[in-house]
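[1] what shape does this take:
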Amino acid sequence: MTQQRIKLFQGSVNPCSYLDGRQAVNIYADPHHPDPRAVYNQLIKRGFRRSGEYVYRPGCTSCSACVPVRIRSADFRPRRTDKRNLKRNSDLTVDFQHARYTDEYFRLYNRYLSARHPDGGMDNPDPEDFERFLLNPWGETLFIETRWSDEVIAIAVTDATSDGLSAVYTFFDPALEARGLGRFCILQQIALCRTMNIPYLYLGYWVDGCQKMQYKTDFRPQEHFNGHDWITATLDTHDCDSD
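    From the prediction side, this is the model:
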């Protein structure tokens with residue numbers, strides 16, 4: 001694939017959403033590039049992510065806590081906690097849908113944000129917020145849809161890129177937290193990678209010291225991007241017994 005010349009722009013400084021007391025800034029790819037899909041395919045291999053139609057990465061000069069993570073899908077072996085999760089959720093149905101707005105999806109999204117991010121700036125969204133954040137006019141995005149008794153209870157927003165799938169965002173019914181639906185969705189994304197012979201699932205950023213990001217270390221083998229190369233991560237080999 002031909003490498004693109006890409007302009008990068010620095011965003012404004014804001015409070016860090018991962019680590020208390022720190023400031024954060026993002027670097028954005030040129031949103032007016034004539035081939036944004038090629039830009040995304042190129043930059044995701046360099047630790048970038050997507051939010052809406054924007055491709056970005058953290059650009060903090062005094063902190064490097066945000067580490068890009070990807071799972072080697074062919075080598076993935078479910079742990080005991082994964083097997084329990086799949087058994088617990090064996091009554092669910094999973095389908096693959098074109099990414100789109102529906103009232104049903106929006107109601108679930110609204111319930112999730114109200115429970116998980118109250119007063120965090122994302123709660124009380126309107127339909128335009130849903131579309132602006134999760135959909136993508138130039139990309140290949142699907143919703144991995146999970147249903148229980150014909151009711152949608154989880155959506156994993158997933159991008160297809162040139163060498164992997166990218167887990168963009170997951171939202172689920174907060175009343176069903178005991179099911180471990182976040183983990184279940186990642187397992188479905190890995191399974192789709194394996195079915196389609198896709199080498200990587202990009203999981204976004206792991207942030208050492210941020211408890212809500214620790215779950216990402218459970219999925220192995222994984223690689224971390226060090227700013228130049230993807231290297232196999234050395235993690236604690238203890239097999240966690242709980243979700």
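
[2] pLDDT score for S62?
    Predicted confidence (pLDDT) at S62: the value is 88.

[3] burial of it, as a residue count?
    Counted by other C-beta atoms under 10 Å, the residues lying close to S62 total 6. Bear in mind the C-beta positions are built from the backbone N, C-alpha and C, glycine included.

[4] that one: what secondary structure?
    Recorded secondary structure, S62: coil (DSSP: H, G, I helix; E, B strand; the rest coil).

[5] where are the low-confidence patches of the chain?
    Low-confidence segments of the chain, defined by pLDDT under 70: 1-2, 119-121, 123, 236-243.

[6] ranges for the strands of the chain?
    Residue ranges of the strands in the chain, as given by DSSP state E, are 8-10, 14-15, 23-24, 26-29, 49-51, 54-58, 66-72, 93-98, 141-148, 151-160, 164-172, 200-207, 222-225, 230-232.

[7] contact partners of the third one?
    Spelled out, it's strand 23-24. Outside of strand 23-24, the residues within contact range by C-beta atoms under 8 Å, 6 or more residues apart in numbering are 13-18, 58, 60, 63.

[8] so which of those residues is the most crowded?
    Ranked by neighbour count under the definition other C-beta under 10 Å, the contacts of strand 23-24 are headed by P58 with 21 neighbours.

[9] pairing partners for the residue lying closest to that residue once chain neighbours are set aside in the sheet, please.
    Here the nearest residue to P58 in space, its sequence neighbours aside, is C66; by C-beta to C-beta, 6 or more residues apart in numbering that works out to 4.3 Å. On the basis of DSSP bridges, C66 is bridged to V207.

[10] got a list of what the residue lying closest to F9 once chain neighbours are set aside touches?
    Nearest in space to F9, with sequence neighbours left out and distances taken as C-beta to C-beta, 6+ apart, is Y28 at 4.9 Å. Going by C-beta under 8 Å, 6+ apart, Y28 touches 8-11, 54-56.
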